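*Asks:* have a look at this prediction, sequence included:
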Amino acid sequence: MGKDVIVACDFASAESTYAFLDRFAGQRKPFVKIGMELFYAEGPSIVRGIRERGHKIFLDLKLHDIPNTVKKAMAVLSRLECDIVNLHAAGTGAMMEAALEGLTRPDGTRPLLIAVTQLTSTDQRAMENDLWIREPIGEVVMHYAENAKRAELDGVVCSPLEAAKVHEVCGPEFLTVTPGIRFADGDVGDQKRVMTPAAAKEAGSDYIVVGRPVTAAPDPVAAYLRCVHDFVD
């Protein structure tokens, strides 16, 4: 699996998203993440519009509900021709299995399906005090990753700090998609478990997800190309 940089287009409208993507004219087309803010603002049309521009798409909606509801929702999302979709591993193995069934089209094709383990804004204190999960966060991430593997998902969303261990536990072909990426000279913001693009590459991340370090940069194209140089090249 080739490594790639996914840019989180966390914008509030199609207009601002397309204005951002227009800056990459003549450049390498970035792999784009569409999250809840943009999808809830614009609906499925934003997925189709970005796809028509030739971008790969990670639809980051983090589904988490009863198995039947998630199965039906995934069947709808399968029509959008995304490359990756996700859900919360905390929804249980039964939910993940149902999601995979719903996402698979009648011809057997489907997007990659990955499970969120723990958000990179979550640390050990938050796990214990807010979620009442007492085990070490690294062990929780591995347990969730193993559950996703058993449900025959393609990989997980995890911190880059955990990517190498996930590959050790679940195999080298099990994908690690890692947010929490910041440049060494950048602000970590609300992220708690972070790593630079170069360090994430060394740690074994398959994809890094980069938002504000690119989208809020004075020169987003230069920031994106810096990520590509550090992580892919």
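*Replies:* Great, that's in hand. Numbering: from 1, shown residues only.

*Asks:* biggest helix in this structure by residues?
*Replies:* Counting residues, the longest helix in the chain under DSSP state H turns out to be helix 137-150.

*Asks:* mind listing residues that contact that one?
*Replies:* 89-90, 92-93, 96, 114-115, 117-118, 122-124, 127, 133, 135, 155-156, 158-159, 161-162, 165-166, 169-171, 174 (Cβ atoms under 8 Å, 6 or more residues apart in numbering). Every residue, glycine included, has its C-beta placed from N, CA and C.

*Asks:* hmm, 7 Å instead?
*Replies:* 89, 93, 96, 115, 117-118, 124, 127, 133, 156, 158, 162, 165-166, 169-170, 174 (Cβ atoms under 7 Å, 6 or more residues apart in numbering).

*Asks:* what's the PyMOL line that selects buried ones from the residues you listed?
*Replies:* With 16 or more other Cβ atoms under 10 Å as the criterion, this PyMOL line picks the buried residues out of the contacts of helix 137-150:
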select buried, resi 89+93+96+115+117+118+124+127+133+156+158+162+165+166+170+174
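
*Asks:* return the subset of the contacts of helix 137-150 lying in strands.
*Replies:* Of the contacts of helix 137-150, the ones assigned to strands by DSSP state E are A115, V156.

*Asks:* now, the contacts of helix 137-150 that are in helices?
*Replies:* G93, M96, Q124, M127, K165, V166, V169, C170.

*Asks:* would you confirm that the second one contacts A115?
*Replies:* This means M96. Yes: M96 is within contact range of A115, at 6.2 Å (criterion: Cβ atoms under 7 Å).

*Asks:* tell me, what's touching the two both at once?
*Replies:* With Cβ under 7 Å, 6+ apart, M96 and A115 have common neighbours L87, A89, A148, L153.
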